[in-house]
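next come a sequence and a model predicted from it.
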Amino acid sequence: MVKKKPTLTRRLLMSEEELREAAAERRWADVKCRTINFGIIAQLLLENRKQTDPFVGAEIGVFRGGMSREILRTLPNCVLYLVDRWGPPKEGDSYLTTVDLQAFRTFANHQEDERLCRKLLEFAGPRAVYLKMELGQAALQVEDGSLDFIYLDADHSKRGTKRAWKRWEPKVKPGGIVAGHDWGTYGVTEAMEECVDKDTAICVDRATWAYRKAEQR
């Protein structure tokens, strides 16, 4: 019997104009149009929580810390695990099968990326927790069911995306947010179609995708 692929419900939560209005009305602070990638995640997180509540999250694939900055600024009491090896993939790594130029950056490039990231996030102090290692190794450092959200933005190949999801989705609490980047490119969409339950609505805004993890029954 051939297993049927799940059909995902994709819906745009907020248009760019609506996001501008939300920021102007200060439904949550510091969410401007430039932070639209985090806007969709912030909306889901703050449906039943206050912006000043304590959050714990993880970003897998940090690069220079742009997204991390938006998360840590928008959620002033958030502790964020920053997971990145800041080094080139090994020979045979699935990331090298994509056309993503990030996969081909040199060791020196990665060193500079890490330096810029740490400088950018100095304002966050101990709220920025660096896990400079492979994503699988980093996952062992985090307890299952302990995170309010994750953001996957590392290896964008189908195999790499599925591997990251399988390692990190269990870290999210029931009712928490699973999110990521590059919907519609590389192997991300296909990976999520195979990983996510067919009844789960995945919200997509441009290249950012997010869904709420089911509550335990």
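Okay, I see it.

the nearest residue to Cys195 once chain neighbours are set aside in helix, strand or coil?
Of all residues beyond its chain neighbours, the one nearest Cys195 is Trp165 (5.0 Å), with distances taken as Cβ to Cβ, 6 or more residues apart in numbering. C-beta here means a position set from N, CA and C on the backbone, and glycine is covered the same way. Following DSSP: H, G, I helix; E, B strand; the rest coil, the label given to Trp165 is helix.

pretty sure Trp165 is touching Val188, no?
No. Counting by Cβ atoms under 8 Å, Val188 is not a contact partner of Trp165; they are 9.9 Å apart.

mind checking which of the two has more residues around it?
Neighbours per residue, other Cβ atoms under 10 Å: of Trp165 and Val188, the larger number sits with Val188, 26 against 21.

for that one, give me phi and psi.
Here the main-chain torsion angles of Val188 (degrees, to the nearest 10) amount to phi -60, psi -50.

contact partners for it?
Shown here is Val188, whose contacts under the criterion Cβ atoms under 8 Å, 6 or more residues apart in numbering are His156, Lys158, Thr161, Gly180, His181, Asp182, Trp209.

arrange those in JSON lines, one row each, with pLDDT and neighbour count as further columns.
Formatted as JSON lines, the entries for the contacts of Val188 read as follows, by pLDDT from 0 to 100; neighbours: other Cβ atoms under 10 Å:
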{"residue": "His156", "pLDDT": "86", "neighbour count": "26"}
{"residue": "Lys158", "pLDDT": "91", "neighbour count": "20"}
{"residue": "Thr161", "pLDDT": "93", "neighbour count": "26"}
{"residue": "Gly180", "pLDDT": "94", "neighbour count": "28"}
{"residue": "His181", "pLDDT": "91", "neighbour count": "19"}
{"residue": "Asp182", "pLDDT": "87", "neighbour count": "19"}
{"residue": "Trp209", "pLDDT": "91", "neighbour count": "25"}
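
just say helix, strand or coil for the closest residue in space to Trp183 that isn't next to it in sequence.
What sits nearest to Trp183 in space, not counting adjacent residues and going by Cβ to Cβ, 6+ apart, is Trp209, at 4.3 Å. Secondary structure for Trp209, judged by three-state DSSP, is strand.

show me the contacts for Trp209.
By Cβ under 8 Å, 6+ apart, the residues touching Trp209 are Ala179, Gly180, His181, Trp183, Val188, Met192, Ile202, Cys203.

what is the nearest of these to Arg69?
The shortest gap between Arg69 and any of these belongs to His181, at 14.9 Å (Cβ to Cβ).
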